[in-house]
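Visitor: next input, structure requested:
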Amino acid sequence: MAHGRLHRWTRSARTAVVGREASDRRVFALADIEPGWSVQDDEGVAVGLVRDVEGDWIAVTRGLFRRTLYVPLSAVGHVADGLVRLNHARQDIDESRWSEPPRHPG
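Guide: Coordinates of the predicted model:
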């Protein structure tokens, strides 16, 4: 399903090589990401906390009112212990349709 350039739900990110520099690159699996981990934008600004990981997306709780974002794995740029860094700027995240749960064909 595609909702524009930020909303591609693909399975390819499940085991992608990620990271900004060669020494920083690693392969991650969906199981590497755990609830409670911090989520940041591409500049290191806090976006929220991982609530759940399912299918090809991460549910991220954000803000005082605990709004949920459904971030596609294709938006994950780097994964480290306790941290998920996205490959999108905060403005792009705020303007995305990630507040809508992904629809699964069925």
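
Visitor: ok, Glu43 - contacts?
Guide: By Cβ atoms under 8 Å, 6 or more residues apart in numbering, the contact list for Glu43 reads 89-90. Using the backbone N, CA and C atoms, a C-beta is placed for each residue, glycine as well.

Visitor: again, but for Val53
Guide: Val53 touches 30, 33-35, 59, counting by Cβ under 8 Å, 6+ apart.

Visitor: rerun that using 10 Å as the cut-off
Guide: Neighbour list for Val53: 30-35, 37, 59, 71, 73, 84 [criterion: Cβ atoms under 10 Å, 6 or more residues apart in numbering].

Visitor: ok, and the most crowded of those residues?
Guide: With neighbours taken as other Cβ atoms under 10 Å, the top of those is Val84, carrying 27 neighbours.

Visitor: my guess is it meets Pro35, correct?
Guide: No. Between Val84 and Pro35 there is no contact under Cβ atoms under 10 Å: 11.2 Å.

Visitor: any idea where the strands of the chain begin and end?
Guide: 16-18, 26-28, 38-40, 46-54, 57-62, 67-72, 76-80, 83-86 (DSSP state E).

Visitor: now mean pLDDT too, for those, in TSV please.
Guide: Shown next, in TSV, are the strands of the chain (pLDDT from 0 to 100):
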stretch	mean pLDDT
strand 16-18	44
strand 26-28	60
strand 38-40	95
strand 46-54	93
strand 57-62	92
strand 67-72	91
strand 76-80	90
strand 83-86	94
